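Undergrad: Kindly return the folded structure for what I paste below:
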Amino acid sequence: MNDISAKSSNPRPTWRNAVRVYLEPASLRMLLLGFSAGLPLLLVFGTLSFWLREAGIDRTTIGHLSWVGLAYGFKWLWSPLVDRLPIPLLTRALGRRRSWLLLSQAAIMLALVGMAFTDPKLSLTPIVWGALAVAFGSATQDIALDAYRIESAEIERQGALAATYQTGYRLAMIWAGAGVLWIAARAEVADAAHYQSGAWQTAYLVMAASMLLGVLTVLFSPEPAPRQISPARNLAQWLQGALVEPFADFIRRYGWQAVLILSLIALYRISDVVMGIMANPFYVDMGFSKDEVAAVTKIYGVVMTLAGAFVGGVLAMRFGVMRILMLGATLSAASNLLFAWLAGHGHDLSALIFVVSADNLSSGIASAAFIAYLSGLTNIRYSATQYALFSSLMLLLPKFIAGFSGQYVDAFGYGQFFVATAVLGVPVLVLIWLAARAQNLKAESPVMPISLSSD
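TA: Residues are numbered from 1 along each chain as shown. Below is the predicted model:
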């Protein structure tokens with residue numbers, strides 16, 4: 001059973017061994033699968049908001065459309081099916097984890113093609129349905145992929161797998177953010193109107209084709225050792241094992257601390273998520289071109305994100321996850337203040353480079369540590385369902401609040417909005433301190449009922 005909170009009796013790895021783990025096959029696979037997981041996200045959030053703003057859609061509507069992301073917040077509802085239900089023919093050929101990965105990737109590709117042939121300036125409804133389909137397929141892929149990652153290596157290597165996963169994820173977000181803008185800019189016809197639907201169509205078709213990287217990785221990857229699942233005698237027993245037991249197991253293992261842990265999970269990324277919805281509309285309103293945003297995000301953003309993810313993974317192995325959780329939360333909230341400064345500074349490419357670089361470095365560190373933390377909370381018997389619960393909870397409240405971000409900007413301006421998102425991160429620091437204190441008490445008194453692990 002994974003237990004990231006208990007102190008390990010094994011000695012800390014050397015710096016050399018801690019870095020070498022990134023070259024292992026499991027880590028390299030997670031790099032590619034992380035790319036597949038990260039690609040759809042911006043295509044229904046950040047990049048889509050740039051497209052919609054350029055098409056003349058108002059900020060309030062863009063903010064409300066971000067509620068499409070609530071599909072990620074409710075994925076725990078169908079995670080038991082992904083955890084246990086076989087897919088006819090596919091599961092027999094590929095195994096449970098890879099079959100669900102392949103099915104979800106196919107759904108994402110088809111939905112992106114549908115969005116490519118839609119013009120939001122003419123009608124928003126088809127875009128909304130396409131974005132919902134992408135989000136649902138992407139959330140399903142996340143469920144299967146998180147289980148695949150957790151079952152592919154022991155807890156000591158989860159930090160490294162989280163870091164390589166995050167690296168692939170962030171590279172995909174660069175491609176789905178900067179890459180889309182670059183492609184759309186190249187596809188525009190000279191001397192034509194400012195907004196050209198055909199340019200976005202080309203960009204989204206390229207994104208759909210980019211999902212093939214994940215498809216090929218799934219086809220050539222091994223299936224983790226299958227878990228033995230006791231056959232259910234009837235529907236009630238199946239529902240008990242698939243729906244009730246994963247959540248009951250978590251409560252049994254963590255007791256009253258489950259409330260503290262779930263509160264931390266629910267709030268940890270709130271600053272980044274709420275701020276992120278308005279980032280691209282902010283760039284458009286500040287007068288930055290597609291090429292400027294693409295270049296800054298692709299060159300400086302990717303370097304700092306990669307650095308943050310690897311630094312976060314290595315530091316988590318050396319100094320423990322909780323310390324790096326605190327570091328990541330502090331940096332993530334502080335980096336939002338830089339956006340507030342940029343809002344008052346005006347159109348300045350050098351300032352944009354600095355702000356985006358600092359933000360991506362902070363996000364990389366925080367994400368690597370947070371994924372390792374979530375992975376360690378799961379019981380491997382229910383890895384898909386429990387991790388889906390955690391990652392859903394991580395997004396549910398932030399995505400809901402983010403839906404009002406456009407209205408907040410319209411009422412108070414970008415500067416106050418970015419300051420407010422930084423303030424949202426303060427309660428997270430308190431929750432991390434409480435969680436770390438609880439772990440110390442557990443280590444000092446293993447028999448206490450607040451233990452964070454079970455035999």
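
Undergrad: Need the nearest residue in space to Ile371, chain neighbours excluded.
TA: Ala162 (3.6 Å; Cβ to Cβ, 6 or more residues apart in numbering). Every residue, glycine included, has its C-beta placed from N, CA and C.

Undergrad: Count residues in the vicinity of that neighbour, would you?
TA: When neighbours are counted by other Cβ atoms under 10 Å, Ala162 registers 29.

Undergrad: my guess is Ala351 meets His345, correct?
TA: Yes. Using Cβ atoms under 8 Å, Ala351 makes contact with His345 at a distance of 5.3 Å.

Undergrad: what about the protein, any weak spots by pLDDT?
TA: Along the chain, the parts satisfying pLDDT under 70 run over 1-23, 153-159, 191-193, 226-235, 238-239, 241-243, 298, 383-384, 439, 441-455.

Undergrad: coming back round to it: dump the residue contacts of the residue nearest to Ile371.
TA: When contacts are counted by Cβ atoms under 8 Å, 6 or more residues apart in numbering, Ala162 touches Arg149, Gly313, Ala316, Ser367, Ala368, Ala369, Ile371, Ala372, Ser375.

Undergrad: 10 Å instead, please
TA: By Cβ atoms under 10 Å, 6 or more residues apart in numbering, the contact set of Ala162 is 27, 30, 34, 149, 169, 309, 312-313, 316, 321, 367-375.

Undergrad: Within the helices and strands, which one has it?
TA: In the assignment (DSSP states H and E), Ala162 maps to helix 158-174.

Undergrad: C-terminal to that helix, what's the next element?
TA: Downstream of helix 158-174, the next assigned helix or strand under DSSP H and E is helix 180-187.

Undergrad: Please point out which parts of that next one sit buried.
TA: Within helix 180-187, the residues scored as buried using 16 or more other Cβ atoms under 10 Å are Val180, Leu181, Trp182, Ile183, Ala184, Ala185.

Undergrad: Give the closest residue to Leu171 in space, chain neighbours not counted.
TA: In this structure, Leu171 finds its nearest non-sequential neighbour in Phe35, 5.7 Å apart by Cβ to Cβ, 6+ apart.

Undergrad: on that earlier part again, what residues do Ala351 and His345 have in common as contacts?
TA: Overlap of the contact sets of Ala351 and His345 (by Cβ under 10 Å, 6+ apart) consists of Leu338.

Undergrad: and Leu101, which of the three is it?
TA: helix (DSSP: H, G, I helix; E, B strand; the rest coil).

Undergrad: For it, grab the count of nearby residues.
TA: The number of residues near Leu101, taken as other Cβ under 10 Å, comes to 30.

Undergrad: contacting residues for it?
TA: Neighbours of Leu101 in contact, by Cβ under 10 Å, 6+ apart: 33, 36-37, 82, 90, 94-95, 140-141, 143-145, 147-148, 214-215, 217-219, 221.

Undergrad: who's in contact with Phe412?
TA: Val419, Ala420.

Undergrad: returning to that earlier point: out of the buried residues of helix 180-187, the closest to Trp341 would be?
TA: Using Cβ to Cβ, Leu181 comes nearest to Trp341 of these, at 23.4 Å.

Undergrad: hang on, that closest one packs against Glu188?
TA: No. Shown here, Leu181 and Glu188 do not form a contact pair, counting by Cβ atoms under 10 Å, at 11.0 Å.

Undergrad: got a list of what the residue nearest to Leu171 touches?
TA: With contact taken as Cβ under 10 Å, 6+ apart, Phe35 is in contact with 165, 167-173, 175-176, 210-211, 213-214, 217.

Undergrad: Neighbour-wise, which one of those leads?
TA: With neighbours taken as other Cβ under 10 Å, the top of the contacts of Phe35 is Tyr165, carrying 30 neighbours.

Undergrad: Hmm, that residue is touching Gly312, no?
TA: No. Between Tyr165 and Gly312 there is no contact under Cβ under 10 Å: 11.6 Å.

Undergrad: who touches both of the two?
TA: With Cβ under 10 Å, 6+ apart, Tyr165 and Gly312 have common neighbours Ser367, Ala368, Ile371.

Undergrad: And the second one, how far from Phe310?
TA: By that I understand Ala368. To Phe310, Ala368 is 8 Å away according to Cβ to Cβ, to the nearest Å.

Undergrad: re the thing from before, from Gly364, how far out is the residue nearest to Leu171?
TA: According to Cβ to Cβ, Phe35 stands 15 Å off from Gly364.

Undergrad: Likewise for Leu325?
TA: 14 Å.

Undergrad: Ok, Leu52 next?
TA: Per Cβ to Cβ, Leu52 is found 27 Å from Gly364.
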